[in-house]
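Novice: Give me coordinates for this.
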Amino acid sequence: MFYSVIIPVFNRPDELRELLDSLTRQTYKNFEVLVIEDGSTNRADQVVADFEGQLSIHYFFKENSGQGFTRNYGFERAQGDYFVIFDSDALVPPHYFAAIEQQVQNQWLDAYGGPDTAHPDFSPIQKAISYSMTSPFTTGGIRGSKKNLGGTYHPRSFNMGLSRKVWETIGGYRLSRMGEDIEFAIRIIEHGFKTGLIPDAFIYHKRRTSFRQFFRQLRFFGRARINISRYYPNELKLVHTFPALFTLFVFSVPIWAFISPVLFGLAIGILLLFSVLILQDATRQEKSLTVGLLSVVAAFVQLIGYGVGFMSEGWKRLREPKGFRETGASIEYPS
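Specialist: Okay, here's the model as predicted:
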């Protein structure tokens, strides 16, 4: 198989350099790399030039249109039998393409997704954020599960692949932001294509480097989930409301101090129990008390950020005329 790697970039040349460096270390080398600069002011053309002797690499610059349409731009120019999508803040282990090749040769998948994890060299905050985004205590465990909420695996475009036939059949992304990967995965599955998780095709996902950035990103994710309901109302599940309910619960705790000391104590006890579970599990997994403590903060930031975005966009959705749809095209990248 010949693979085409599609990488949208927006003002992140340093991250791109690390990603490209990890691609030079692949044991399976039958792939090309397409870097699509999405209207950046801090361009990455020189970074790409530095790798021209090490990778089959192509650089394109276009006006800003968001992640989804930028990936479409790459699909249209790719030569591969199979397209692979990475976010620019990823590091790819050397066995990645060998794992994909083994999977598609032994048991074909029209589209796949892979897990994400923290690299040993990541900062404690990055490791904490990675834990929170993949922990079942924060509903993030869904991302690495072979079964999704509807019983079928829904790939996500931070680490995703699809055959050329999928793209030729259904086209590319219809949304550019605000849940574009969710909508894309739904359409792939609706057309009867076979999807699945490849556990060995994991990446190291750097995500955000501060809790403020993480909050903004998760608020955006919460808004995106509501945006998908404009197109697929049945895709809004009960589990998607949990972060919003958690947020309301946290915000209500001070009120209980004035209403009922007993209920106030119970609420504090629940939050403490949740924190202790996160602390113990994260410390055990990462073998670091520091990361464990930061994971407690990350869990609260994740759930409250998502909950705030979910409720704010949900309130906007309730006030819209029937049949209204929002593309998210005017929404900027979360940073």
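Novice: residue boundaries of the strands in the stretch 1-150 of the chain?
Specialist: Taking DSSP state E, counting those that start in this stretch to define them, one finds strands in the stretch 1-150 of the chain at 3-9, 31-38, 57-62, 82-86, 90-91, 111-113, 116-117.
Novice: what's the angle from the first one to strand 31-38?
Specialist: Between the direction of strand 3-9 and that of strand 31-38, the angle (axes from the mean of the first three to the mean of the last three C-alpha atoms, to 10 degrees) works out to 20 degrees.
Novice: Just the mean pLDDT for strand 3-9, thanks.
Specialist: Averaging pLDDT along strand 3-9 gives 97.
Novice: Show me what that strand is packed against.
Specialist: helix 13-23, strand 31-38, helix 67-77, strand 82-86 (3 or more C-beta pairs under 8 Å, 6 or more residues apart in numbering; DSSP states H and E). The way it works is simple: take the backbone N, C-alpha and C, and place the C-beta from them, glycine included.
Novice: ok, now with 6 Å
Specialist: strand 31-38, helix 67-77, strand 82-86 (3 or more C-beta pairs under 6 Å, 6 or more residues apart in numbering; DSSP states H and E).
Novice: again with the second one
Specialist: Contact here means 3+ C-beta pairs under 6 Å, 6+ apart; on that basis strand 31-38 packs against strand 3-9, strand 57-62, helix 67-77.
Novice: before we move on, back to that, looking at the helices and strands packed on strand 3-9, which is buried most?
Specialist: Mean neighbour count, computed with mean count of other C-beta atoms under 10 Å, is highest for strand 82-86 among the helices and strands packed on strand 3-9, reaching a mean of 25.
Novice: Show me how far that one is from its chain's centre.
Specialist: 14 Å (C-alpha atoms, centre = their mean, to the nearest Å).
Novice: Quick check, residue 176 in contact with residue 70.
Specialist: No: the pair residue 176 / residue 70 is not scored as a contact, 7.6 Å apart, by C-beta atoms under 6 Å.
Novice: Quick check: which of the helices and strands packed on strand 31-38 is nearest to residue 234?
Specialist: Closest to residue 234 of the helices and strands packed on strand 31-38 is helix 67-77 (C-beta to C-beta; 21.6 Å).
Novice: Please enumerate residues in contact with the closest one?
Specialist: 6, 8, 34, 36, 38, 62, 167, 172-173, 175-176, 180 (C-beta atoms under 6 Å, 6 or more residues apart in numbering).
Novice: Mind checking the pLDDT average for that helix?
Specialist: In the prediction, helix 67-77 has an average pLDDT of 95.
Novice: relative to strand 31-38, how tilted is that helix?
Specialist: 140 degrees.
Novice: So that it lines up with my notes, have the first residue be 22 from now on.
Specialist: Got it, the first residue is 22 from now on, which makes the last one we talked about helix 88-98.
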